[in-house]
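Novice: just coords:
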């Protein structure tokens, strides 16, 4: 394990990525209905057909960010390029973290037509915000401007 590469920012990203993945398997939305005099509750996870395309994008952002941090910190024989398609990893983390947080906030404020938010949603919301915070911490710790010309 390379302890020097596991900064506080990377710890936040790694923890948020793991939390995002765990939350994706739990109830994102829940709905209750009465059937034969009894109330039943059903749930929809991120991997359900109704959310599969849009909500899984958020999970993929978290997995990419956490995966890059994990490979860089724990992969002893793994070589990751400093730039991908001309973008530094700080820029990629900032873009993916912003995307994840923004999409989770959008799910929070949109109309749900009778659906209530499940525990998976709340975990993913916290994780999305954590990914953005970790990315900002990385940029602030790098003392470089991620918006400079590529």
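Specialist: All right, it came through fine. Small disclaimer: the values here were computed from a predicted structure and weren't measured.

Novice: And the helices in this structure?
Specialist: All helices of the chain, identified by DSSP state H, fall at 8-24, 52-74, 89-109, 119-142.

Novice: For residue 35, find the nearest of those.
Specialist: Relative to residue 35, the nearest member of the helices of the chain by CB to CB is helix 119-142, separated by 23.2 Å. C-beta: built from backbone N, CA, C; applies to glycine.

Novice: quick one: average pLDDT of the closest one?
Specialist: Confidence for helix 119-142, expressed as mean pLDDT, is 91.

Novice: same deal with stretch 74-87?
Specialist: Rounded mean pLDDT across stretch 74-87 is 82.

Novice: List the buried residues for that stretch?
Specialist: Buried residues in stretch 74-87, counted by 16 or more other CB atoms under 10 Å: none are found.

Novice: Please tell me how far that stretch is from the chain's geometric centre.
Specialist: 20 Å (CA atoms, centre = their mean, to the nearest Å).

Novice: got it, and stretch 54-73?
Specialist: The mean C-alpha position of stretch 54-73 is separated from the chain mean by 7 Å, CA atoms, centre = their mean.

Novice: quick one: contacts of that stretch?
Specialist: With contacts defined as CB atoms under 8 Å, 6 or more residues apart in numbering, stretch 54-73 is touched by 1-2, 5-6, 10, 13-14, 16-18, 20-21, 24, 28, 46-47, 78, 80, 89, 92-93, 96-97, 99-100, 103-104, 107, 124, 127-128, 131, 134-135.
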